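Peer 1: Fold the following.
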Amino acid sequence: MAKFELKLPKMGESVAEATITNWLKNVGDTIAADEAVLEIATDKVDSEVPSEVSGTLTEILFQVDDVVQVGQTIAIIETEGGSVEAPKASEAVAPAVAEIAKAVEVAKETATPADFSSSDKFFSPLVKNIAKEEGISLIELESISGSGKDGRVTKEDILSFIKNRGSQPAAAPKAAAVAAKPVQATAPIAAPVSVNGGDEIVEMDRMRKLISGYMVASVQTSAHVQSFIEVDVTNIVKWRDRVKNAFEKREGEKLTFTPIFMEAVAKALKDFPGMNISVDGEFIIKRKNINLGMAAALPNGNLIVPVIKNADQLNLVGMAKAVNDLGNRAKAGKLKPDDTQGGTYTVTNVGTFGSVFGTPIINQPQVGILALGAIRKVPAVIETPDGDFIGIRQKMFLSHSYDHRVVDGALGGSFVKRVADYLEAFDVNREY
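Peer 2: Residues are numbered from 1 along each chain as shown. Take a look at the predicted model:
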């Protein structure tokens, strides 16, 4: 008999830890190779951890709601026959941990004004990012009492500290003066909510809590500005109606409007790289790759944003396959953590639910998000050499939200106008 150490695998370039949400196997259960043993959750998606070997689960090292670092052993599986080379698994995980640690160090050296590396306490990247954004000093951060494992400061701990910060005595500043931060408005006090006898109180699920936090943080971080433009997509509608059956027969994929719109957005981002950036404090990161986030509604009503990597390098067939694959896996709960990482710009289709336009909230740390409105038949003025006349056209609105901290109206408006130009100039004779 041999023992195999089941470790938390690498789940994405920026994912260093995960929370255990459910053990699918109990001690004593038989496990087949590649069979799921437990469910985990990162700050983006939920996923399963499969076993690399067949055997019997003999020991569970972490419980539900425990936070586990990438590379940590989470369970012991007893296998039949010869010894299992567990060190190889360790060796495979070590580069992943080193890569994440290196990325964190580079980020701290190049783009983080506040330095928390001198502390003897461990703080997760998420906690340090919140501390940096809120202007929390190292002294203040170390003074927070952590409720996590081994006294680790969790996201809830630091948010609670921020909420009650005004009532606490200010920590003495360090000798090295920190750059002055803009005066921030006092957080509004939540109005008391009355509950009547027939009302039902339901706690938000984990993902809804995360979404809630992200949305509030984004509004508090970015100076949201919107630009709207109406687009005539009659040629696109006619072309799709003509080729969609042949497309599905040849490619085995349905052709929706989404990949056509994503193709236009990717082209516009190449024309206006100033929209393909991220903000990190007082630093601007110019992204090399164009990775399009695609907001997708889940069956439970929640929202997730899988990412199409290097979208500008895909033709229409490749874009359609990527859109369908991510959309189907999102609905089935089969997305991997890496599927939601690395987005540089986001597109959301509010027209799916009949909305004509909207004011979407930016997906941090990006600086823009485009909402696609419903396509409608409307009367429109059509200009011809013989004069103007009224005709029925297929039109939609593009709603562009952008971060006025780094994107001015000229850039934000020009970008969405370029997307509209690409859509209106769509070639009805093109091949797919």
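
Peer 1: what about residue 204, helix or strand, and which?
Peer 2: Using DSSP states H and E, no element contains residue 204; it sits outside every helix and strand.

Peer 1: confidence score at it?
Peer 2: At residue 204, the model reports a pLDDT of 88.

Peer 1: Is there a neighbour count for it? I'd like the number.
Peer 2: 11 (other CB atoms under 10 Å). Yep, even glycine has a C-beta here, placed from its N, CA and C like the rest.

Peer 1: And the closest residue to it other than its chain neighbours, how close does it get to residue 349?
Peer 2: Leaving aside its chain neighbours, residue 204 sits nearest to residue 212 (6.7 Å; criterion: CB to CB, 6 or more residues apart in numbering). Distance, residue 212 to residue 349, by CB to CB, to the nearest Å: 22 Å.

Peer 1: between these two, which one's more packed in?
Peer 2: Taking other CB under 10 Å, residue 212 and residue 349 do not tie; residue 349 has more neighbours (20 against 11).

Peer 1: That one: what's it in contact with?
Peer 2: Residues near residue 349 by CB atoms under 8 Å, 6 or more residues apart in numbering: 258, 261, 295, 371, 372.

Peer 1: In this structure, where is pLDDT below threshold?
Peer 2: 12-14, 43-44, 81-120, 122, 125, 148-150, 166-191 (pLDDT under 70).

Peer 1: Would you state the helices of the stretch 51-200 of the chain in chain order?
Peer 2: For the stretch 51-200 of the chain, the helices defined by DSSP state H, counting those that start in this stretch cover 86-111, 125-133, 138-143, 155-163.

Peer 1: Sorry, slip of the keys, the one I care about is the stretch 201-350 of the chain.
Peer 2: 206-221, 234-251, 258-271, 316-331.

Peer 1: Out of the ones you listed, the one nearest residue 46 is which?
Peer 2: Closest to residue 46 of those, according to CB to CB: helix 206-221, at 7.7 Å.

Peer 1: What residues of the closest one count as buried?
Peer 2: 207, 210, 214, 218 (16 or more other CB atoms under 10 Å).

Peer 1: angle of it against helix 155-163?
Peer 2: Using axes from the mean of the first three to the mean of the last three CA atoms, to 10 degrees, the inter-axis angle of helix 206-221 relative to helix 155-163 is 40 degrees.

Peer 1: what's the distance between helix 206-221 and the middle of its chain?
Peer 2: 11 Å (CA atoms, centre = their mean, to the nearest Å).

Peer 1: Next, the angle helix 125-133 makes with that helix.
Peer 2: 20 degrees.

Peer 1: Show me the beta-bridge partners of the nearest residue to residue 58 once chain neighbours are set aside.
Peer 2: Leaving aside its chain neighbours, residue 58 sits nearest to residue 78 (4.7 Å; criterion: CB to CB, 6+ apart). Using DSSP bridges, the beta-bridge partners of residue 78 come out as residue 3, residue 56.

Peer 1: My guess is residue 78 contacts residue 6. True?
Peer 2: No. Residue 78 lies out of contact with residue 6 (CB atoms under 8 Å); the separation is 11.3 Å.

Peer 1: Mind checking which of these two has more residues around it?
Peer 2: residue 6 (25 against 16).

Peer 1: hang on, that one is in a strand, isn't it?
Peer 2: Yes. The assignment for residue 6 (DSSP: H, G, I helix; E, B strand; the rest coil) places it in a strand.

Peer 1: who's in contact with it?
Peer 2: Contacts of residue 6 (CB under 8 Å, 6+ apart): 37, 49, 51, 52, 73, 74, 75, 76, 77.

Peer 1: Return the member of the buried residues of helix 206-221 nearest to residue 153.
Peer 2: So of the buried residues of helix 206-221, ranked by how close each gets to residue 153 (CB to CB), first place is residue 210, at 17.9 Å.

Peer 1: could you measure that closest one against residue 413, distance?
Peer 2: 32 Å.

Peer 1: if we can go back for a sec, narrow the contacts of residue 6 to those in strands?
Peer 2: Here DSSP state E is the test, and those give 37, 49, 73, 74, 75, 76, 77 as lying in strands.

Peer 1: Farthest-apart pair in the residues you listed, please.
Peer 2: Among those, 49 and 76 lie farthest apart (CB to CB), at 13.9 Å.

Peer 1: These two: which has the busier surroundings?
Peer 2: residue 49 (21 against 18).

Peer 1: can you tell me which residues contact that one?
Peer 2: By CB under 8 Å, 6+ apart, the neighbours of residue 49 are 6, 8, 9, 36, 37, 38, 39, 40, 74.

Peer 1: what do you get if the cut-off is 10 Å, keeping everything else the same?
Peer 2: 6-9, 11, 18, 20, 24, 36-40, 68, 74-75 (CB atoms under 10 Å, 6 or more residues apart in numbering).

Peer 1: With residue 205 instead?
Peer 2: Counting by CB under 10 Å, 6+ apart, the residues that residue 205 touches are 211, 300, 301, 302.

Peer 1: Distance of the residue nearest to residue 146 when sequence neighbours are not counted relative to residue 70?
Peer 2: With sequence-adjacent residues excluded and distances taken as CB to CB, 6+ apart, residue 146 is closest to residue 153, at 4.0 Å. As judged by CB to CB, residue 153 and residue 70 stand 19 Å apart.

Peer 1: Neighbour count: those two, which is higher?
Peer 2: Taking neighbours as other CB under 10 Å, residue 153 and residue 70 compare with residue 153 leading, 23 against 20.

Peer 1: Just the buried subset of the contacts of residue 49, please.
Peer 2: Here, 16+ other CB under 10 Å leaves 6-9, 11, 18, 20, 37-40, 68, 74-75 buried among the contacts of residue 49.

Peer 1: before we move on, the earlier item: of all the helices of the stretch 201-350 of the chain, which gets the most neighbours per residue?
Peer 2: helix 258-271 (a mean of 21; mean count of other CB atoms under 10 Å).
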